[in-house]
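> Fold the following for me, if possible:
(2 chains)
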Amino acid sequence: MANLTRKRIRLGNRDLPFQLVLIAFGIVTFFPLVLVVITSLKSNTQFYHNFWLPELPFQFGNYSSAFRIIWRYIVNSVIYSGSTICLIAAIASVAGYVFARFRFPFKTVLFLGFITLIMVPGVLTLAPRFVLVRDLGMVNTPFALISVWVSGGLVLSTWLMRSYFESLPQELFDAAYVDGAAEWQVFVYVSVPLARPMIATVAMTTLIATWNDLIWPLVTITDKDKMPLALGVMQFSSDFETDWGTLFAGYVISSVPLLCVFAVAMRQFISGLTSGSIKA
Amino acid sequence: MGGKAMLRRLATSPSGQVVKKQSHSPLHHRMWRAKWLYLALLIPVAMLLLFEWLPAFSALYNSLYIWNGGKVHFYVGLEHYERMLSDRTFRVAITNLVGFVFFRVIMQTALPFFAAEMIVNLRSQRWSYWWKIIFVFPMVVPQILNYLIWRFVYNRQVGLLNEGLKLIGLEEYAHAWLGDPNTVMWALAFVRFPWLPTLQFLIILGGLQTIPQEVHESAAIDGAGFWRRLFYIDIPMTRRQITLAMILTMLFMTQRFDLFLVMTDGGPGYSSMVPALQLYQSAFHFLEFGYASAIGVVLFVAMLALTIINLRVSAGATNQ
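Residues are numbered from 1 along each chain as shown, chains lettered A, B, ... in the order given. Predicted structure coming up:
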């Protein structure tokens, strides 16, 4: 018993210098966030009077007035990002499956048509793509965002799905064929359920990319009611420029959706991002 | 029914028999047999052609034209590229970008490496898990808020930085950080500063975690301390992850200009201009879509070249 305690103390001491550095780093990391939350509970008078510390009474009214504006942007973003994620998951699974499981003429050319696009930066295509979308009459509609987000996301997602389906053992498919399953049944009932982790990865990377995209909505959406969250928050910040409490309450509210995803799917969040990028 | 059987025959099989038989039949037969596969690929291929390939080629093509995005459209050859050489704004933009990317690449690699090194050194597995969560946490904050929060940090009247200086009695250094051409690029370089770049952090952490425990143990037996281990084991063994993190930072920073757009819009004057922002302004403020496309082409070529060089250098270093 005594032996065990001594060992534990020694281990703790070995960790101590690293822990101290990490704690200092952690405090610096969270400090701006804490200050934003503190300020979101102040009126302007309280803010100018005392910059650093929380002051009573807390102004919860800031939150209701910010929410009245922000909620629409959050709903919009959930719709836009949600439909993009569903479309990419569906299309990339099918395309990845076709590329992984079949041989057919021009397969290599078609696949190269997908992956070479990884090299093409979004900034190169920004202006001509805007002209295209404008000429198609999609400006100020959700289609401007969703179509471009889906096609942009397909590049990497198809590649990820293909490598995943390729890694599934051939025996699995043979067994399904022997049992008399048609190709679509093999896809829907065998392959897709097995690919769930990779689909989650694709969903997560797509969510982060679309949720944070600012420039494309900025050039295609001018109608305030249709703005996604990133653009809406920018609009909100210029409308409430000097009303610090409401401004920061809005900032806190707009961080909540991803916070919820993070809380529910923390592991997936982290592993999805890592595996998605490492394979790239 | 017949279609399904045909598909089955196209499915890859380890025997290789099917493949041989296929290569004897004429091309159009093989294509007809794969008709369902082409149909399945129709939507993604059409979308990529329309929204990716067409704009990419349009950018290459229109970089040779004067174009307002509409009817005004005439050929000028390489004039846009020549103009770039003498464009003072573009020169400032390139200088800014090179310095900015150089600084960010070092910071966004060293900082996460440092944190990851601390975390993998912990014996307590539970703590290292929690620290990972803590340092990944700021990514729930939407990207735009990073910029807006740091705009507040640098605010002249009520900014966090100036208030902090006041608090420790250094009020005379208080500054309009984003309004002074001498400090603006430094201020921008430190946006999101103590927060780790999530991707780069997770990549480097993943690399450090794969170093086998025995390597560290035998190094400890040989008397290697923390620093020796860092320079002779940890950094060389995570070279691939470090390279990837650097390339990612470089690519992000070269093409993402939302930071500059939100924080300063290139100002004051042109002192915080970068090429991607100039591209955006040329197209959407001045309707010079041709010039914007030419800037895009130059950026594309530069990014491609840098990625290849970076990969070559790191591959060469690993081979030694």
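
> could you give the mean pLDDT of the longest helix anywhere in chain A?
Longest helix in chain A, counting residues (DSSP state H): helix A:61-101. Mean pLDDT, helix A:61-101: 94.

> now swap in stretch B:149-165 and tell me
88.

> distance between the longest helix of chain A and the chain's centre?
How far helix A:61-101 lies from its chain's middle: 9 Å, per CA atoms, centre = their mean, to the nearest Å.

> Which stretches in the stretch 201-320 of chain B count as helices?
B:213-221, B:226-229, B:235-237, B:239-255, B:258-263, B:275-284, B:289-319 (DSSP state H, counting those that start in this stretch).

> orientation of the helix or strand just after the longest helix of chain A relative to helix A:61-101 in degrees?
Where DSSP states H and E defines the elements, the next helix or strand beyond helix A:61-101 is helix A:107-115. Using axes from the mean of the first three to the mean of the last three CA atoms, to 10 degrees, the inter-axis angle of helix A:107-115 relative to helix A:61-101 is 160 degrees.

> Let me see the residues that make contact with whichever helix or strand comes after helix A:107-115.
Downstream of helix A:107-115, the first helix or strand assigned by DSSP H and E is helix A:122-135. Helix A:122-135 has contacts (CB atoms under 8 Å, 6 or more residues apart in numbering or on different chains) with A:139, A:144, A:147-148, A:152, A:215-216, A:219-220, B:50-52, B:54-56, B:58-59, B:62, B:69, B:254-255, B:257, B:276, B:279-280, B:283-284, B:289, B:292-293, B:296-297, B:299-300. C-beta here means a position set from N, CA and C on the backbone, and glycine is covered the same way.

> again, but for stretch A:28-38
For stretch A:28-38, the external contacting residues (CB under 8 Å, 6+ apart) are A:52-54, A:248, A:251-252, B:134-135, B:137-138, B:141, B:149, B:153, B:160, B:194-196.

> Narrow those residues to just the buried residues.
The neighbour count (16 or more other CB atoms under 10 Å in any protein chain shown) marks A:248, A:251-252, B:134-135, B:137-138, B:141, B:149, B:153, B:160, B:194-196 as buried among the contacts of stretch A:28-38.

> Domain map for chain B?
B:2-76, B:83-319 (automatic domain parsing).

> can you tell which of the helices of the stretch 201-320 of chain B is closest to residue A:191?
Closest approach to residue A:191 among the helices of the stretch 201-320 of chain B is made by helix B:239-255 (29.3 Å; CB to CB).

> Show me which residues of the stretch 151-300 of chain B sit near chain A.
Contact residues, the stretch 151-300 of chain B versus chain A (CB under 8 Å from any CB of the partner chain): B:153, B:158, B:160, B:163, B:167, B:194-196, B:198-199, B:202-203, B:206, B:244, B:248, B:251, B:254-255, B:257-258, B:261-262, B:276, B:279-280, B:283-284, B:289, B:292-293, B:296-297, B:299-300.

> one step back: among the buried ones among the contacts of stretch A:28-38, which lie within helices?
With helices defined by DSSP H, the entries of these inside them are A:248, A:251, A:252, B:134, B:135, B:149, B:153, B:160.

> Thought residue B:196 was touching the fifth one, still the case?
Yes: Residue B:135 is within contact range of residue B:196, at 5.0 Å (criterion: CB atoms under 8 Å).

> still on that earlier bit, with respect to burial, which of the helices of the stretch 201-320 of chain B scores highest?
helix B:275-284 (a mean of 24; mean count of other CB atoms under 10 Å in any protein chain shown).

> residues making contact with that one?
A:123, A:126-127, A:130, A:215, A:219, B:69, B:89-90, B:93-94, B:97, B:254-257, B:260-261, B:265-266, B:288-289, B:291-292, B:295-296, B:298-299.

> for it, the distance to its chain's centre please.
Its chain's C-alpha centre and that of helix B:275-284 lie 18 Å apart, by CA atoms, centre = their mean.

> average model confidence for it?
Per-residue pLDDT over helix B:275-284 has a mean of 94.

> Keeping just the C-alphas, turn that helix into PDB.
Extracted in PDB, the C-alpha atoms of helix B:275-284 (Å, rounded to 0.1, in the frame of the first residue of the first chain):
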ATOM      1  CA  PRO B 275      -3.100  38.900 -53.600                       C
ATOM      2  CA  ALA B 276      -6.300  36.900 -52.900                       C
ATOM      3  CA  LEU B 277      -8.000  40.000 -51.500                       C
ATOM      4  CA  GLN B 278      -6.800  42.000 -54.500                       C
ATOM      5  CA  LEU B 279      -8.400  39.400 -56.700                       C
ATOM      6  CA  TYR B 280     -11.700  39.700 -54.800                       C
ATOM      7  CA  GLN B 281     -11.600  43.500 -55.000                       C
ATOM      8  CA  SER B 282     -10.700  43.600 -58.700                       C
ATOM      9  CA  ALA B 283     -13.600  41.300 -59.500                       C
ATOM     10  CA  PHE B 284     -16.300  42.500 -57.200                       C
END
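
> Next, the angle helix A:122-135 makes with that helix.
Using the same axes, to 10 degrees: helix B:275-284 against helix A:122-135 is 20 degrees.

> got the angle for helix B:275-284 vs helix B:239-255?
Using the same axes, to 10 degrees: helix B:275-284 against helix B:239-255 is 30 degrees.

> tell me the angle helix B:275-284 makes with helix B:289-319.
Helix B:275-284 runs at 160 degrees relative to helix B:289-319, counting by the same axes, to 10 degrees.

> In contact with residue B:180, which residues are there?
Contacts of residue B:180 by CB under 8 Å, 6+ apart are residue B:268.

> what about 10 Å?
Applying CB atoms under 10 Å, 6 or more residues apart in numbering or on different chains to residue B:180 gives the contacts B:156, B:186, B:187, B:268, B:271.

> most surrounded residue in these?
Counting neighbours by other CB atoms under 10 Å in any protein chain shown, the top entry in those is residue B:187, with 22 neighbours.

> Backbone torsions only: list them for it.
When read as degrees, to the nearest 10, the backbone of residue B:187 gives phi -60, psi -40.

> okay, now the nearest residue to it once chain neighbours are set aside: neighbour count?
Nearest residue to residue B:187, sequence neighbours excluded (CB to CB, 6 or more residues apart in numbering or on different chains): residue B:177, at 4.2 Å. The tally of other residues near residue B:177 (other CB under 10 Å) stands at 21.
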